[in-house]
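> Quick one, structure for this:
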Amino acid sequence: MRLSSFSGSITMAISAVFQLACGPAVGEARIGAPRPPKPENCTLQFASISDTDTQQGGKFGAGGEYEGIGVVMIGADEGTDAMSEKIREIVRPKACAMGGEMLSLAVSGVGANRRGHPQQNIVFQVWARRKATPALTSF
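Numbering: from 1, shown residues only. Okay, here's the model as predicted:
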């Protein structure tokens, strides 16, 4: 009986170390034409965006001042604060590499990972100032 308790403790310890060593799952997707990357510690602004901000003519809508250039997606431990320093350290270099200037939190909610364990799903939208539309030329 004592041996199985010890074996169970070792298994739990190894599992805990493995989970800590792995860290959160991170993905990214870029949208539109690539932009020049910025230094990985670039300054990013954070915006809370309303529905009206993303409508035609809104600051983040079609024709607005900013356009979406990508997203950073994170699968973290359940209950992770999307604005924590740990998450910022993951998101900042990826958003800067995209040429981002501003972030907004698109999603933060609990879901399940591929093993069925609960996780915090966090998605940041990466924004940059809209580039001037190039003049069209005849073909």
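> ok, the residue nearest in space to the middle of the chain to Phe139 distance?
Residue closest to the average C-alpha location in the chain (Cα atoms, centre = their mean): Val72, at 2.8 Å. Note on Val72: its distance to Phe139, by Cβ to Cβ, to the nearest Å, is 37 Å. (Each C-beta comes from the backbone N, C-alpha and C, glycine too.)
> same check, this time on Pro39
Counting by Cβ to Cβ, the gap from Pro39 to Phe139 is 39 Å.
> Tell me which of the two has more neighbours.
Between Pro39 and Phe139, counting by other Cβ atoms under 10 Å, Pro39 is the more crowded of the two (9 against 3).
> what's the closest non-adjacent residue to the more buried one?
Cys96 (6.3 Å; Cβ to Cβ, 6 or more residues apart in numbering).
> before we move on, what SS does that neighbour have?
State at Cys96, reduced to three classes by DSSP: H, G, I helix; E, B strand; the rest coil: helix.
> what's the pLDDT at it?
What the model reports as pLDDT for Cys96 is 97.
> what helices or strands is the helix or strand where Val110 lies leaning on?
According to DSSP states H and E, Val110 maps onto strand 102-112. Helices and strands touching strand 102-112, as assessed by 3 or more Cβ pairs under 8 Å, 6 or more residues apart in numbering; DSSP states H and E, comprise strand 45-46, strand 66-77, strand 118-129.
> In PDB, could you pull the C-alpha coordinates for that strand?
Extracted in PDB, the C-alpha atoms of strand 102-112 (Å, rounded to 0.1, in the frame of the first residue of the first chain):
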ATOM      1  CA  MET A 102      -2.400  48.000 -30.800                       C
ATOM      2  CA  LEU A 103      -4.100  45.000 -29.200                       C
ATOM      3  CA  SER A 104      -7.600  44.300 -28.200                       C
ATOM      4  CA  LEU A 105      -8.900  41.300 -26.300                       C
ATOM      5  CA  ALA A 106     -11.200  39.400 -28.600                       C
ATOM      6  CA  VAL A 107     -11.900  36.300 -26.500                       C
ATOM      7  CA  SER A 108     -11.200  35.000 -23.000                       C
ATOM      8  CA  GLY A 109     -13.200  32.100 -21.900                       C
ATOM      9  CA  VAL A 110     -13.000  28.600 -20.600                       C
ATOM     10  CA  GLY A 111     -12.900  25.700 -23.000                       C
ATOM     11  CA  ALA A 112     -11.200  22.300 -23.100                       C
END
